[in-house]
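> Task: produce atomic coordinates for the following.
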Amino acid sequence: MTAQALVYVVEDDAAVARLVVDTLREFGFAVERFAEGGAALRRLQAAQPDVCIIDLGLPDMDGIELVRRVRLLGGAGVLILSGRDHPVDRVMGLELGGDDYVVKPFDARELVARVRSILRRRGEAGPARRRAAFAGWTLDCAANLLRAADGTEHVVGLAEAQVLRVLLERPHQILTREQLLGMRDLAPTDRSIDVRISRLRRRIEPDPAHPRIIKTVYGAGYLFAADVQWS
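Below you'll find the predicted structure:
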């Protein structure tokens, strides 16, 4: 899986960047490093990576803005690096487009595991370009692309696409947080699924404050209340 995976590392701290790049290459990744967000964006116009590792504290632009623009330019996974470890900052990072959030200082091998996890979720859709139609929307599972009834297209983050795919495969069923994340023994304080559901609702619900497609079943989980047609 990692031998052909390309990772962009956007980090201005030379020592941190060297640690990340050397470790990723040790585990078989192809890596390109950028000290500024602008340089990474210019490179993205020519070649799309599989994953971008983005430091939020960049010298030329806000890291969150870079995350947003990476999302607009393609379907690369995004792993956010940050020195901020407050839960609010983690939730904000995920809310604004990150697939994962790693706090500095970090263990380099754990970072590799997080990158692999993003790649694994990215590959779960498989090579076939399966499409699911629901409530006026169409999801292209291979490209993580949502298309509205009017033709407007939205690239969905890998973490959101993973949850949406699980919901689409089991409509009209109550699914637990653990089922939606594909994890066991999820910590009660882990709010990552709530963040992803919130992001999905803002995309597909006519009124996200009063959702009719992705419903909350209090004390149990979530239920996808629309019919789904696969092709």
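> Helix or strand: which one has residue 154?
Element membership for residue 154, per DSSP states H and E: strand 153-155.
> Give me the contacts around the helix or strand following that strand.
Next in sequence after strand 153-155, counting helices and strands by DSSP H and E, comes helix 158-169. Contacting residues not belonging to helix 158-169 are listed as 75, 77, 94, 98-100, 118, 121-122, 124-125, 132, 134, 139, 141, 144, 156, 175, 179-182, 192-193, 196-197, 199-200, 203, 214, 222, 224, 228 [C-beta atoms under 8 Å, 6 or more residues apart in numbering]. From N, CA and C alone the C-beta is placed, and that goes for glycine too.
> returning to what we had before: and the strand holding residue 154, what's buried?
residue 155 (16 or more other C-beta atoms under 10 Å).
> and it, what's its mean pLDDT?
Strand 153-155 comes out with an average pLDDT of 89.
> Which strands border that strand, and is each parallel or antiparallel?
strand 145-147 (antiparallel) (DSSP bridges).
> Tell me how far the partner strand lies from the chain's centre.
Relative to the centre of its chain, strand 145-147 is centred 15 Å away, using C-alpha atoms, centre = their mean, to the nearest Å.
> Span of stretch 199-213 from start to end?
Start and end residues of stretch 199-213 are separated by 13 Å (C-alpha to C-alpha, to the nearest Å).
> What ranges does the chain have for its strands?
6-10, 30-34, 51-55, 77-82, 100-103, 131-134, 137-140, 145-147, 153-155, 174-175, 214-217, 221-224, 229-230 (DSSP state E).
> In a markdown table, list the ones you listed along with distance to residue 65.
Output for those, formatted as a markdown table (distance: least, C-beta to C-beta, whole Å):
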| stretch | distance to residue 65 |
| --- | --- |
| strand 6-10 | 12 |
| strand 30-34 | 15 |
| strand 51-55 | 10 |
| strand 77-82 | 12 |
| strand 100-103 | 16 |
| strand 131-134 | 31 |
| strand 137-140 | 26 |
| strand 145-147 | 22 |
| strand 153-155 | 16 |
| strand 174-175 | 34 |
| strand 214-217 | 28 |
| strand 221-224 | 30 |
| strand 229-230 | 36 |
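> Lowest mean pLDDT across those, which one is that?
Looking at the strands of the chain, the weakest mean confidence is strand 229-230, a mean of 86.
> what comes into contact with that strand?
Taking C-beta under 8 Å, 6+ apart as the rule, strand 229-230 contacts 130-134.
> Farthest-apart pair in these, please.
In those, two members sit farther apart than any others by C-beta to C-beta. They are 130 and 134, at 13.2 Å.
> more crowded one of those two?
For residue 130 versus residue 134, neighbours defined as other C-beta atoms under 10 Å are more numerous around residue 134 (20 against 15).
> tell me the contacts of that one?
Counting by C-beta under 8 Å, 6+ apart, residue 134 makes contact with 168, 171, 213, 224, 226-229.
> pLDDT below threshold where in the chain?
Along the chain, segments meeting pLDDT under 70 span 1-4, 72, 74-75, 89, 93, 96, 122-129, 142, 182-189.
> wait, which of the contacts of residue 134 is closest to residue 8?
Nearest member of the contacts of residue 134 to residue 8, counting by C-beta to C-beta, is residue 168, at 29.8 Å.
> okay, now the closest one: neighbour count?
Residue 168, neighbours per other C-beta under 10 Å, totals 20.
> That one and residue 82, how far apart?
Taking C-beta to C-beta, to the nearest Å as the measure, residue 168 falls 32 Å from residue 82.
> Residue 30 too?
Applying C-beta to C-beta, the value for residue 30 to residue 82 is 24 Å.
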